[in-house]
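**Student:** Build me a model:
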Amino acid sequence: MDTSAIVYRVAEFLKSHPPFSAMDEPDLLEFASRGRVRFHEAHDYILWQGEPNRFKVFVIQQGAVELWDERGERSELRDVRGVGDMLGMEQFAGANSYTYSARSAADVLLYVFSSFDFEALVLKYPVAQRFVAAYESVTADYHVLDQRREPQKLFLHDLVGHRPHVTCDHDASLRDAARIMRASDVDALAVVDAGRGLTGVLTADQLIAWIAGGAGDVHQPVSALLAVAPPTAGPHVTVADGLLTMAAAGESVLAITADGTPQGQLHAVVTQRELAPVFGDQPAAILREIRQASGTRELRVLNHRVRAFALQYLTSGTALDWIARFVHLADVGIVRRLVALNGHGGSSACWCVCGSSGREESLTRLAPLVVLIHADGDTHARDAHQRVWGACTECDYLPRQHLPFESPFYVGGFSEWISRYTGWFDDPVMSAFYRTREVLDLRAIEGPRALWQGVADTVGRLVTRPFLTVLANDCLDNLPPLTFFQDAVVDESGEEASVFQLQRSVLSPLVDVGRVFGAAAGKVLGTSTLERFALARTLLPEHEAIFREASETLRVVLWQQARIGISQGTDGSELPPALLSRQDRHVLKGGFRSILRLIEFTADSKWLDAT
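**Tutor:** Next up, the predicted model:
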C-alpha cells in the first residue's frame with residue numbers, strides 16, 4: 001500500500017464502516033497508509049484459538065470468516081463475520097490470546113493494521129472507543145452521538161442547585177407568602193418550621209385554586225393550604241428519576257433534601273417549569289392529561305404522544321430504565337382512565353396487568369394485557385372487563401396476536417384465581433403451565449389491592465423445588481441465534497433466516513429465566529425482569545457477573561425493540577436485520593452469548609442447592 005491511489009481506495013472502504021466512519025480524513029488517510037493486504041484461500045486458518053495476541057487488527061475487505069470454538073471434542077461455530085467486520089478486537093478488552101479460531105469460509109481479503117496504530121489514530125475518537133468496547137461484549141451504554149442532554153445522566157441538583165431556595169415560615173400569612181413568591185419570581189415556595197425543617201411546599205396552583213374557591217382570610221397562616229407533604233429526593237437524583245417521582249405522586253413539585261427524606265436539610269425545590277428546558281413535550285403534562293381525558297379519542301392522541309416522547313429519548317440502553325417506567329405510568333394511567341369511563345371501579349374488583357405490561361417492559365403500542373380479580377359473586381365484572389379490553393383498541397393499541405386464551409380467561413373471582421394458580425403450581429406439566437407463564441407477571445394497578453395481595457401471598461407459598469425445576473427446564477424451549485451474517489440471522493445449526501425473531505429468540509429467554517429466579521427469591525408477582533436479576537445476584541452472589549451481564553443484555557434488547565417497534569408502528573417482536581446497524585448487530589451478538597450462558601446455568605439445577 002505504497003501508492004496514493006491504493007491508500008485512497010483503502011480509506012474509502014474504511015470510511016463506509018464503523019468505527020472508521022467517525023474519523024477525520026487526515027487521520028483516516030494516515031491510518032490507511034500503514035496497512036497491509038493479506039489474502040487467504042477458502043478454509044485457511046487466519047487465527048488460532050488460544051495463540052498469543054499478535055497486536056494486529058484485521059478488517060475483512062472481501063469474503064466471510066467463521067469463528068470456531070475448538071476447546072471441546074467437537075468444534076462449535078460461534079460467529080460469522082463479513083465485509084467491514086474486524087478480528088482481533090478482544091485485545092482491547094484485555095485478552096492476551098485469541099478467544100476463537102478464525103477460518104476463511106471462502107476466499108478472503110483482509111486489511112491488516114498494527115494495534116498500536118489503531119489505538120493512536122482510531123481510538124482517539126470517543127465514538128470509536130464506544131464501538132470497540134461493545135464489539136466483544138454487551139453494554140447498554142452505547143448510542144448514536146447526540147448533543148442532547150440525556151435526562152438519565154443529568155442531575156436535578158446540577159439543574160437547579162445553583163440558585164438559593166426560597167422559603168417562608170409555616171406561620172407566615174398567605175399574603176406574605178404570595179409577596180415572597182412574586183418578589184422571587186418562583187411558582188413554588190418551601191414552607192419550613194422553626195427548626196428549618198420542611199413542612200410542605202406552597203405552589204401558585206394552590207393559591208389560584210384557593211382564590212377560585214372563594215378564598216378567605218389572607219392573614220391566616222400558610223400552613224392552612226398545605227394538604228400533603230411533597231415528594232422528596234436526594235441531591236444525586238437524576239432529572240429522569242425526579243420527573244418520575246413527581247409523576248407517580250401526581251405532584252408538580254419535588255423537594256431535594258440532603259438525605260432524600262422530608263426530615264433532611266432542604267437543598268432546593270424543583271417544579272415542572274424548571275424541567276421544561278430539558279424536554280420538548282412535557283412527560284408530566286402528558287400524564288396529567290391522561291388522568292383528565294374525557295374519552296378514548298383524547299387517550300388515542302395521548303398514547304401516540306407517549307410513544308413519540310419515548311422514541312425521542314431512547315438514545316441508548318441506559319435510557320431504557322426511566323423511559324420504560326414513564327411509558328408504564330402512561331399505560332397504567334390510560335387503563336385507569338378507561339376503568340373510570342367504561343369499567344367497574346368499585347371496591348369489589350382489582351384491576352391488574354400482566355405479561356410485558358406487568359413487568360414494566362412494554363414500550364411499543366402493544367395493548368396492555370388487562371386482568372381482573374373480582375370479589376366472589378360479582379356479576380358485573382366480566383362485562384366491565386370486556387368494555388375496558390375493547391376500549392384499549394379504540395385508543396389505538398396494537399392487539400396481542402398470540403394470546404393462549406380468549407379475553408374471558410383474564411377475568412375471574414378471587415377463589416377462581418387461587419384455584420387456577422394452585423393447579424398450575426401443583427402440576428405444571430399436566431396443567432400445561434408453559435402456556436400461562438405470563439400470569440407470573442401479574443401487577444395490581446387499580447382497585448382494592450388486597451385482592452391481588454391475597455393471590456400473591458398464596459402464590460408465594462406454592463413455590464416448590466419441583467416447580468422451579470420444571471420452570472428452569474422450560475427455559476431451554478427458546479435459544480438465541482448464533483450471529484448475524486449480512487442481512488440474515490444464523491441459528492446454532494447454521495441455518496439462515498431473513499427475519500430476526502427478537503421476541504421469541506432473545507427477549508423471551510431472558511424473561512423466562514427472570515421468572516425462575518424471581519420465584520426462587522420469593523418475589524413471584526409484581527416484579528420486573530431487571531428486579532428479578534437483581535434478586536438473583538443477591539441470592540447467588542458468586543454468580544453475580546452472569547446476571548449483571550444479562551441485565552445489560554435485556555436493556556439493549558428492549559431498547560432495540562422499542563426504537564424499531566415505535567418507529568415502524570409495530571410491536572417490535574420481529575424485524576428484518578437490515579434495520580440494525582453494524583454496531584447494533586455486534587452488541588446484540590454479545591448479548592446472544594450472554595443469553596446462552598444464562599440459559600445453560602439456569603437449566604443446571606445445581607444452583608438450587610445454593611439457595
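**Student:** Show me the shaky parts of the stretch 401-550 of the chain.
**Tutor:** Applying pLDDT under 70 to the stretch 401-550 of the chain flags no residue at all.
**Student:** All the strands of it, in order from the start?
**Tutor:** Under the criterion DSSP state E, counting those that start in this stretch, the stretch 401-550 of the chain contains strands at 411-413, 443-446, 483-485, 488-490, 496-497.
**Student:** got it, and the stretch 51-200 of the chain?
**Tutor:** All strands of the stretch 51-200 of the chain, identified by DSSP E, counting those that start in this stretch, fall at 56-62, 65-69, 76-81, 86-87, 101-104, 108-114, 167-169, 188-192, 198-203.
**Student:** So for residue 458, which of these sits nearest?
**Tutor:** Closest to residue 458 of those, according to C-beta to C-beta: strand 198-203, at 40.5 Å. From N, CA and C alone the C-beta is placed, and that goes for glycine too.
**Student:** For that closest one, name the packing helices and strands.
**Tutor:** In terms of contacts (3 or more C-beta pairs under 8 Å, 6 or more residues apart in numbering; DSSP states H and E), strand 198-203 is packed against strand 188-192, strand 253-257, strand 266-271.
**Student:** quick one: strands adjacent to the longest one?
**Tutor:** Looking back up the chat, that one is strand 266-271. Sheet pairing of strand 266-271 (DSSP bridges) gives strand 253-257 (antiparallel).
**Student:** which residues touch residue 259?
**Tutor:** Applying C-beta atoms under 8 Å, 6 or more residues apart in numbering to residue 259 gives the contacts 234, 265.
**Student:** go on, residue 207?
**Tutor:** Residue 207 sits next to 174, 178, 181, 225 when contact means C-beta under 8 Å, 6+ apart.
**Student:** Out of the strands of the stretch 51-200 of the chain, which gets nearest to residue 464?
**Tutor:** Judging the strands of the stretch 51-200 of the chain by C-beta to C-beta, what sits closest to residue 464 is strand 76-81, at 35.3 Å.
**Student:** chain center to the closest one, what's the gap?
**Tutor:** Mean-position distance between strand 76-81 and its chain equals 28 Å (C-alpha atoms, centre = their mean, to the nearest Å).
**Student:** per-residue confidence at residue 137?
**Tutor:** On pLDDT, residue 137 comes in at 61.
**Student:** Show me which positions of stretch 521-536 end up buried.
**Tutor:** Neighbour counts over stretch 521-536 (16 or more other C-beta atoms under 10 Å) mark 521, 524-536 as buried.
**Student:** Make CSV from the residues you listed and add distance to residue 474 to it.
**Tutor:** Formatted as CSV, the buried residues of stretch 521-536 follow (distance: C-beta to C-beta, whole Å):
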residue, distance to residue 474
521, 18
524, 15
525, 18
526, 21
527, 19
528, 20
529, 16
530, 21
531, 21
532, 15
533, 18
534, 22
535, 19
536, 17
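**Student:** Dump the strands of the stretch 51-200 of the chain into CSV; add distance to residue 489 and mean pLDDT as well.
**Tutor:** What follows is the strands of the stretch 51-200 of the chain, written out as CSV (distance: least, C-beta to C-beta, whole Å; pLDDT from 0 to 100):
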stretch, distance to residue 489, mean pLDDT
strand 56-62, 19, 93
strand 65-69, 16, 87
strand 76-81, 11, 80
strand 86-87, 20, 92
strand 101-104, 21, 91
strand 108-114, 22, 93
strand 167-169, 60, 87
strand 188-192, 52, 85
strand 198-203, 53, 84
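**Student:** Can you redo these as TSV, where the extra columns are mean neighbour count and distance to residue 426?
**Tutor:** TSV is the format used below for the strands of the stretch 51-200 of the chain (neighbours: other C-beta atoms under 10 Å; distance: least, C-beta to C-beta, whole Å):
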stretch	mean neighbour count	distance to residue 426
strand 56-62	20	55
strand 65-69	20	41
strand 76-81	20	39
strand 86-87	22	53
strand 101-104	22	49
strand 108-114	20	57
strand 167-169	18	60
strand 188-192	22	55
strand 198-203	23	52
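**Student:** Residue 482: which of the ones you listed is closest?
**Tutor:** Among the strands of the stretch 51-200 of the chain, the nearest to residue 482 by C-beta to C-beta is strand 76-81 (6.5 Å).
**Student:** For the closest one, which strands pair with it and how are they oriented?
**Tutor:** Sheet pairing for strand 76-81, assigned by DSSP bridges, gives strand 65-69 (antiparallel).
**Student:** ok, residues contacting the strand it pairs with?
**Tutor:** By C-beta under 8 Å, 6+ apart, the surrounding residues in contact with strand 65-69 are 46, 49, 75-82, 85, 87, 99-105, 108.
**Student:** try it again with 10 Å
**Tutor:** With C-beta atoms under 10 Å, 6 or more residues apart in numbering as the test, strand 65-69 has contacts from 40, 43-47, 49, 58, 75-82, 85-87, 98-106, 108, 110, 482-483, 485, 494.
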